[in-house]
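Undergrad: here is my input; please provide its structure:
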Amino acid sequence: MRRTILLLIVCLLATNVFGQPPSVATDTNALKQQLRIKLDEWHKAGKFPGATLGVVLANGDSFSLAVGYSDAPSKTPMKPNDRMLAGSVGKTFAAATALQLVKEGKIGLDDKVEKYLGGEPWFSRLPNAKDITVRQLMNHTSGLVRYEFKDKFTRDLTANPEKRWQPAELLAYLLDEKAPFAAGQGWDYSDTNYIVLGMIIEKVTRKKFYDEANRRLIKPLKLTNTIPQDGLRLAGVVQGYAGPNNPFGGKDEMIQAGKFIINPQFEWTGGGYVSTAEDLAHWAKMIYEGRAYSADLLPQVLDGVPAPMLGKETRYGLGVIIRETAAGTSYGHSGFFPGYMTDMMYFPEQKIAVAVQVNTSVPRDLGKPLSRVLWEVLEVVRGTAGQRASIEVKTEFGEAFEP
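TA: All right, here's what the predicted structure looks like:
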């Protein structure tokens, strides 16, 4: 009996040490302090104005940190919940909405796009029009090239800063072009794919994309700091710095007199969301743990194709970048919008999600890629957990309890 009681005590102690320790608050404070040091070191070594970091631990606990400035000239301190444009990370919301519709039988991943948009007057002029499938849109194997970096588009965008762009107007910049490869026979990252996907979503739901995504994702998952990028004035968004003479507006500061110098509304389902690092870390954990759409779709989502443009051994699934990192495989997405860069990653082995945002889009000012910042954050988190897990629990029998 005495031995049974002692073994029970050992199990309880082990639960406290290796599961949910009684000193979670203390441990989290220690972790935050280590990460603050890491962020400060990164900021001092770089030239970027400021950054925010969001972390969601395996048990769902979360926090956010900030470093540097939200406004460089006035040296206004960046706050952990300051909002920034998330760039292409917003594609994950379009993908998740589409995947819910796939589960409902309203969209088929291997359906031809022609099934949904073939009646549009411009459709036959779209490169590879009759051959593209929904899956190929989502994994960037359609052969549709990017519209947003075409000189004519950037000139028109800058010349008409208050224009509200319609999806068909964006597609017009590549109509009648020859595709670089046949549908399904190559890979080329392109916002155009997700503009077409957004049009399919609106066609089958007969609702505006933002309304549908809000109803299905943003509201039920309580992403309270995530809002549509739908106009020139976006609440709570900090100043973004794109570098002088950037092609999108031609100026360094992206916000003047409270509004953007170009209308960020154009990005739509190619990105199209404002968020915080902590919200995005929560979002990453929910996506890749099967809570944003039916979990039985995850194997298809994570069945990626080679994406050499994004890095060695990198693959792209259905709205997800699958990266082999120094800290193991990660699922997530990176994002760029003039003045802002974002990266979010979920590490399935540790069940930890992290996201970082910076208010610059000048890569050389970062000092190191955002993906590396996130790997290093994970190593700090794992190191703190490892220190806790290395504690030995001694029993009356002189044994060391090892995890």
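Undergrad: and the closest residue to residue 46 other than its chain neighbours, how far from residue 164?
TA: Spatial nearest neighbour of residue 46, chain neighbours left out: residue 367 (3.5 Å); criterion: Cβ to Cβ, 6 or more residues apart in numbering. C-beta: built from backbone N, CA, C; applies to glycine. As defined by Cβ to Cβ, to the nearest Å, residue 367 lies at a distance of 37 Å from residue 164.
Undergrad: neighbour-wise, which of the two wins?
TA: residue 367 (16 against 12; other Cβ atoms under 10 Å).
Undergrad: so what's the more buried one up against?
TA: Going by Cβ atoms under 8 Å, 6 or more residues apart in numbering, residue 367 touches 42, 45, 46, 47, 48.
Undergrad: over to residue 279?
TA: Listed by Cβ under 8 Å, 6+ apart, the contact partners of residue 279 are 54, 223, 224, 225, 226.
Undergrad: which stretch of helix or strand covers it?
TA: Using DSSP states H and E, residue 279 sits in helix 277-288.
Undergrad: so for that helix, mean pLDDT?
TA: Averaged across helix 277-288, the pLDDT comes to 98.
Undergrad: other residues contacting stretch 244-251?
TA: Residues outside stretch 244-251 that contact it (Cβ under 8 Å, 6+ apart) are 149, 151, 154, 157-158, 161, 242, 252, 260-262, 338, 361.
Undergrad: now that stretch, how far from the centre of its chain.
TA: 24 Å (Cα atoms, centre = their mean, to the nearest Å).
Undergrad: next: stretch 254-272.
TA: 18 Å.
Undergrad: do stretch 84-99 as well
TA: 7 Å.
Undergrad: make a ChimeraX selection of the buried ones in the contacts of stretch 244-251.
TA: Paste this into ChimeraX to select the buried members of those, with burial taken from 16 or more other Cβ atoms under 10 Å:
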select :154,157,158,242,252,260,261,262,338,361
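Undergrad: among the contacts of stretch 244-251, which are in helices?
TA: Within those, residues falling in helices by DSSP state H are 151, 154, 157, 158.
Undergrad: how about the nearest residue to the second one, chain neighbours excluded?
TA: It refers to residue 154. Residue 154's closest residue in space is residue 247 (Cβ to Cβ, 6+ apart), at 4.5 Å.
Undergrad: all helices of the protein, in order?
TA: Under DSSP H, the chain gives helices at 2-14, 24-45, 91-103, 114-117, 134-138, 151-159, 167-171, 191-205, 209-213, 277-288, 298-301, 370-389.
Undergrad: deepest in the core, which of those is it.
TA: helix 277-288 (a mean of 27; mean count of other Cβ atoms under 10 Å).
Undergrad: and stretch 101-120, how far out from the chain middle?
TA: In terms of Cα atoms, centre = their mean, the centre of stretch 101-120 is found 25 Å from the chain centre.
Undergrad: with stretch 44-60 instead?
TA: Counting by Cα atoms, centre = their mean, stretch 44-60 comes out at 14 Å from the chain centroid.
Undergrad: now do it: distance from first to last residue.
TA: Taking Cα to Cα, to the nearest Å, stretch 44-60 runs 31 Å from one end to the other.
Undergrad: in it, what's buried?
TA: Residues 46, 48, 49, 50, 51, 52, 53, 54, 55, 56, 57 are the ones in stretch 44-60 that count as buried (16+ other Cβ under 10 Å).
Undergrad: same check on stretch 230-240?
TA: Of all the residues in stretch 230-240, those buried under the rule 16+ other Cβ under 10 Å are 230, 232, 234, 237, 238, 239, 240.
Undergrad: just the strands from the stretch 201-350 of the chain, written as ranges.
TA: Remark: strands assigned in the stretch 201-350 of the chain by DSSP state E, counting those that start in this stretch are 227-228, 255-256, 259-260, 273-275, 305-306, 315-316, 321-325, 328-337, 340-347.
Undergrad: just put the ones you listed in CSV and tack on distance to residue 61.
TA: Shown next, in CSV, are those (distance: least, Cβ to Cβ, whole Å):
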stretch, distance to residue 61
strand 227-228, 24
strand 255-256, 33
strand 259-260, 35
strand 273-275, 19
strand 305-306, 35
strand 315-316, 30
strand 321-325, 23
strand 328-337, 19
strand 340-347, 15
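Undergrad: to residue 84, which of those lies closest?
TA: strand 340-347 (4.7 Å; Cβ to Cβ).
Undergrad: pull the distance from the closest one to the chain's centre.
TA: 5 Å.
Undergrad: what strands line up against that strand, and which way round?
TA: strand 328-337 (antiparallel), strand 352-358 (antiparallel) (DSSP bridges).
Undergrad: now render those strands as CSV, adding mean pLDDT.
TA: Shown next, in CSV, are the strands paired with strand 340-347 (pLDDT from 0 to 100):
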stretch, mean pLDDT
strand 328-337, 96
strand 352-358, 98
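Undergrad: can I get these in TSV with mean neighbour count and distance to residue 120?
TA: Output for the strands paired with strand 340-347, formatted as TSV (neighbours: other Cβ atoms under 10 Å; distance: least, Cβ to Cβ, whole Å):
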stretch	mean neighbour count	distance to residue 120
strand 328-337	22	27
strand 352-358	30	36
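Undergrad: nearest to residue 276, out of those?
TA: Each of these has some distance to residue 276 by Cβ to Cβ; the shortest is strand 352-358, at 7.4 Å.
Undergrad: tell me the angle of the closest one relative to helix 24-45?
TA: If you take axes from the mean of the first three to the mean of the last three Cα atoms, to 10 degrees, strand 352-358 sits at 30 degrees to helix 24-45.
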